[in-house]
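after the sequence you'll find the predicted model.
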Amino acid sequence: MKTSPTLMEALAERGGRPGPGRWGWLAAGVWLFYLNQPFEEIVHRDGTTRVLGLVTLALFALAYLGFFGWIRWVGLASRLMPTWQRLLYLGGMLVLCLLLLPSAGQQALTCLVYISAVAMMALDLRIAVGLVALLLGGVELAMRLVPGWSDDGSFGFAIFLGALAVFGMRRAIQRSIELSAARKDMAELAVQEERNRFARDLHDILGHSLTVITVKAELAGKLIAANPDRAAAEVADVESLARAALADVRAAVAGYRELSLAGELVSARAALQAAEIKADLPTTVDEVPEENRELFAWVVREGVTNVVRHSGAKRCTIRITAAQIEVLDDGKGPTPGGGTSGHGLIGLRERADQVGAGLQVGEAPSGGFRLAVKVGQ
């Protein structure tokens with residue numbers, strides 16, 4: 001069963017150290033001010049009783065401060081300081097508290113507040129609560145049974161209040177750790193999402209460019225003997241496309257790449273002609289609002305790439321309105337069960353979702369494949 005970390009484990013986890021800071025003992029030592037109550041009681045004693053009382057009180061204060069030095073030295077990870085060692089340390093502090101009774105009397109019970117606070121810091125929550133309950137019960141019982149002790153409830157209340165204060169600190173730090181962990185997870189997810197986005201962009205960029213390069217290279221190979229001039233022109237186009245693809249990759253890496261709808265239509269016409277597919281494309285994009293053009297450009301790129309690669313079509317048609325774009329072909333149509341699973345289509349769907357557009361993938365009315373995006377759907 002998973003348990004909450006102790007206060008010191010939480011501090012170590014949040015700060016990246018095995019224990020509190022170098023001056024943590026000083027912050028803890030401020031609370032030793034309340035030992036002035038047993039101190040005043042001891043100094044009114046005579047002889048050996050006063051000396052032993054002062055020595056015992058000093059040892060208790062050193063034990064309290066020494067606890068913070070110990071946890072800085074060895075840490076409070078369970079493998080470095082087992083629970084029995086922590087309980088043994090607290091038992092030593094309790095023995096010193098009991099040894100103060102002959103010289104400090106009832107005021108020696110003030111030391112139990114420090115013991116309960118240390119217990120809430122160092123122990124598992126269930127064990128700490130049980131120990132604090134025992135201390136509280138022992139104090140209330142002693143106040144009623146020991147002759148001459150006044151039962152005003154102040155010591156029990158102080159033990160409860162001290163333990164409650166440390167418990168509050170414990171919970172607050174635990175929540176802080178959980179919040180930090182959640183932020184770290186969100187940052188890692190954001191990095192992963194950015195990696196996926198970048199991978200999709202590279203897929204879309206290189207997938208289209210390499211498809212066209214392959215088609216043109218094949219065409220050039222066929223034309224070398226029959227039409228050397230045409231073959232040379234195709235090879236020159238291959239070189240130009242390769243340079244353009246390289247520039248696109250560099251721009252994508254730099255984070256400044258934007259697609260042009262008009263430019264993608266020109267590239268699409270060239271790719272379709274190289275693949276010997278008749279292109280029926282619009283000659284102007286003036287009616288398309290500026291905010292829709294980049295998304296439509298991605299549709300043209302992905303749609304034409306799929307037509308050239310997979311369709312086996314003889315004709316490709318692109319229809320564009322202000323709010324919708326369609327890419328249709330007369331090829332073999334969508335693959336049953338796998339028409340929307342490609343990386344390019346997944347990336348295109350995500351881009352459409354980002355602007356509130358709807359993506360439609362399926363069979364064209366006259367057969368073949370249809371890819372459409374409608375804005376404002």
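Structure received. This one's a predicted model, so the numbers in the text were calculated from it and none came from an experiment.

ok, and the closest non-adjacent residue to residue 160?
Spatial nearest neighbour of residue 160, chain neighbours left out: residue 136 (6.2 Å); criterion: CB to CB, 6 or more residues apart in numbering. Bear in mind the C-beta positions are built from the backbone N, C-alpha and C, glycine included.

pLDDT at the one you found, what is it?
According to the prediction, residue 136 has pLDDT 88.

surely it forms part of a strand?
No - using DSSP: H, G, I helix; E, B strand; the rest coil, the assignment for residue 136 is helix, not a strand.

is it true that it touches residue 162?
No - assessed by CB atoms under 8 Å, residue 136 is found out of contact with residue 162, at 10.6 Å.

burial check on residue 173, number of neighbours?
For residue 173, the count of nearby residues is 18 (other CB atoms under 10 Å).

need the three-state assignment for it.
Applying three-state DSSP: residue 173 is helix.

just the element for residue 371, please.
When elements are assigned from DSSP states H and E, residue 371 belongs to strand 369-375.

ok, the residue nearest to residue 160 - how many residues close by?
18.

list the residues that contact it.
Neighbour list for residue 136: 116, 156, 159-160 [criterion: CB atoms under 8 Å, 6 or more residues apart in numbering].

from residue 94, how far out is residue 63?
Residue 63 sits 10 Å away from residue 94, going by CB to CB, to the nearest Å.

equivalent analysis for residue 166, please.
Taken as CB to CB, the span from residue 166 to residue 94 is 17 Å.

tell me where the stretch 1-150 of the chain has helices.
7-15, 24-29, 36-43, 47-74, 83-99, 101-104, 111-122, 125-145 (DSSP state H, counting those that start in this stretch).

in TSV, list those helices along with distance to residue 174.
Listed next are the helices of the stretch 1-150 of the chain as TSV, based on distance: least, CB to CB, whole Å:
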stretch	distance to residue 174
helix 7-15	6
helix 24-29	18
helix 36-43	33
helix 47-74	17
helix 83-99	19
helix 101-104	36
helix 111-122	13
helix 125-145	10
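
what angle separates the helix or strand containing residue 220 from helix 111-122?
Take DSSP H and E as the rule and residue 220 turns out to sit in helix 154-226. Helix 154-226 runs at 10 degrees relative to helix 111-122, counting by axes from the mean of the first three to the mean of the last three CA atoms, to 10 degrees.

what does the pLDDT read for the closest residue to residue 293 other than its chain neighbours?
Counting by CB to CB, 6+ apart, residue 293 lies nearest to residue 261, which is 4.3 Å off, once chain neighbours are set aside. Reported pLDDT at residue 261 in the predicted model: 87.

okay, now the spatially closest residue to residue 59 that is not a sequence neighbour: neighbour count?
Excluding its sequence neighbours, the residue lying closest to residue 59 (CB to CB, 6+ apart) is residue 96, at 5.6 Å. Neighbour count of residue 96, defined by other CB under 10 Å: 21.

report the central residue of this protein.
residue 185 (1.4 Å; CA atoms, centre = their mean).

how near is that one to residue 172?
According to CB to CB, residue 185 and residue 172 sit 20 Å apart.

what does residue 207 give?
Taken as CB to CB, the span from residue 207 to residue 172 is 52 Å.

can you list residues touching both of residue 136 and residue 162?
Counting by CB under 8 Å, 6+ apart, the common neighbours of residue 136 and residue 162 are residue 116.

if we can go back for a sec, contacting residues around the strand holding residue 371?
With contacts defined as CB under 8 Å, 6+ apart, strand 369-375 is touched by 292, 295-296, 299, 302-303, 306-307, 311, 313, 323-329, 331-334, 339, 345, 348, 352, 355-364.

and the residues you listed, which of them are in strands?
In strands, defined here by DSSP state E, the members of the contacts of strand 369-375 are 324-329, 357-363.

can you pick the most crowded of these?
Tallying neighbours with other CB under 10 Å puts residue 329 at the head of the ones in strands among the contacts of strand 369-375, with 29 neighbours.

what residues are up against that residue?
277, 307, 311, 313, 315-317, 364, 368-369.

picking that back up, the more surrounded of residue 63 and residue 94?
Neighbour count, other CB under 10 Å: between residue 63 and residue 94, residue 63 has more, with 21 against 18.

contacting residues around that one?
Neighbouring residues of residue 63 by CB under 8 Å, 6+ apart: 89, 92-93, 96.

what sits closest to residue 268 if chain neighbours are left out?
Per CB to CB, 6+ apart, closest to residue 268 is residue 304, 4.2 Å.

retrieve the pLDDT associated with that neighbour.
pLDDT at residue 304 comes out at 89.

check contacts around it.
Residue 304 neighbours (CB under 8 Å, 6+ apart): 208, 267-268, 271-272, 316, 318, 327.
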